[in-house]
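Participant: quick one: sequence and predicted model below, then my questions.
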Amino acid sequence: MVHAFPMRSTLGGLDVVTVQANPGRPCEGVVVLCHGFGAPGTDLVGLARALASVDARLEAVRFHFPAAPLSLGGLGYGDSRAWWMIDFEAIEALKAQHPDALREFRRQEPPGMAAARKALHAMVNEAMNASKLPFSKLVLGGFSQGAMISTDVALRLEEAPGGLVALSGTLLVEDVWRQKAKARAGLPVFQSHGRFDPVLPFHAATWLEGLLRESGLPVEFHAFDGGHEIPESVLVALARFLAARLSP
């Protein structure tokens, strides 16, 4: 059966847009990419064809873009969504107290993260069941808050995925992630972060990198001279990473 893409559906209770650059080819891999806080559910959809244009091996990969469960429309942010609410005032207060104040913050699980974890976990399971592929053919990732929830779920799945992508993410629930990461030793990770990121400090990304490396996960880290974004250089490198994980 040839699917018409992009396709909208509901998986695990989340609204999802699915794209496969060449729908005439059998699906050879699955990528789930989660958007960041305050972005619409479709924010990253354009990445599917952009990545496939960099590496043709990705034309047979099915990209899923889930919309986060919380709507920010009631707060005046239109169709923006969130995986959980963020207390920006508390974060800024922590930063103002001491440069290392976020060290304590990174140990906490934000309220609402558990519900987001459950929803994304269910969405991933449904997507993989539909693909009829093993979890080794799955790469789970996201941008900013989407990178955080993706990291959390990738470390908790019953089966290890084929890769993890953390674009402009950071370290949360440190003690739990450290424990879970040890059971994921060998899992390839693609991580990127801007050296001048005004939203999530660069050094917070290095905390995550360090935890993953210490736990035995090989990390391909791409630092760039920019802010909270996905530059072209990262896009090109990401395409190569995905193709290496998912192509036959």
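Facilitator: Perfect, I can see it now. Residues are numbered from 1 along each chain as shown.
Participant: identify the residue spatially nearest to residue 66, adjacent ones excluded.
Facilitator: Of all residues not flanking residue 66 in the chain, residue 14 sits nearest, at 4.3 Å (C-beta to C-beta, 6 or more residues apart in numbering). For the C-beta atoms, the positions are set from N, CA and C on the backbone; glycine is no exception.
Participant: if you could redo that for residue 13, that was the one I meant.
Facilitator: Leaving out its chain neighbours, the residue that sits closest to residue 13 by C-beta to C-beta, 6+ apart is residue 119, at 5.6 Å.
Participant: before we move on, what about residue 77?
Facilitator: Excluding the flanking residues, the one nearest residue 77 by C-beta to C-beta, 6+ apart is residue 38, at 6.3 Å.
Participant: quick one: low-confidence ranges for the protein?
Facilitator: The model of the chain has pLDDT under 70 over residues 1-4, 75-76, 88-105.
Participant: hmm, try it at 80
Facilitator: 1-5, 74-78, 87-107, 248 (pLDDT under 80).
Participant: mind listing the strands for it?
Facilitator: Assigned strands in the chain, in chain order: 7-11, 14-19, 29-34, 61-66, 70-71, 81-82, 138-143, 163-167, 189-194, 219-224 (criterion: DSSP state E).
Participant: save those as JSON lines, and put in distance to residue 54 and mean neighbour count too.
Facilitator: Listed next are these as JSON lines, based on distance: least, C-beta to C-beta, whole Å; neighbours: other C-beta atoms under 10 Å:
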{"stretch": "strand 7-11", "distance to residue 54": "22", "mean neighbour count": "14"}
{"stretch": "strand 14-19", "distance to residue 54": "15", "mean neighbour count": "20"}
{"stretch": "strand 29-34", "distance to residue 54": "14", "mean neighbour count": "27"}
{"stretch": "strand 61-66", "distance to residue 54": "12", "mean neighbour count": "27"}
{"stretch": "strand 70-71", "distance to residue 54": "32", "mean neighbour count": "16"}
{"stretch": "strand 81-82", "distance to residue 54": "27", "mean neighbour count": "23"}
{"stretch": "strand 138-143", "distance to residue 54": "15", "mean neighbour count": "27"}
{"stretch": "strand 163-167", "distance to residue 54": "15", "mean neighbour count": "28"}
{"stretch": "strand 189-194", "distance to residue 54": "14", "mean neighbour count": "24"}
{"stretch": "strand 219-224", "distance to residue 54": "14", "mean neighbour count": "16"}
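Participant: how about these in TSV, adding distance to residue 43?
Facilitator: Shown next, in TSV, are these (distance: least, C-beta to C-beta, whole Å):
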stretch	distance to residue 43
strand 7-11	15
strand 14-19	10
strand 29-34	9
strand 61-66	8
strand 70-71	14
strand 81-82	9
strand 138-143	8
strand 163-167	12
strand 189-194	16
strand 219-224	20
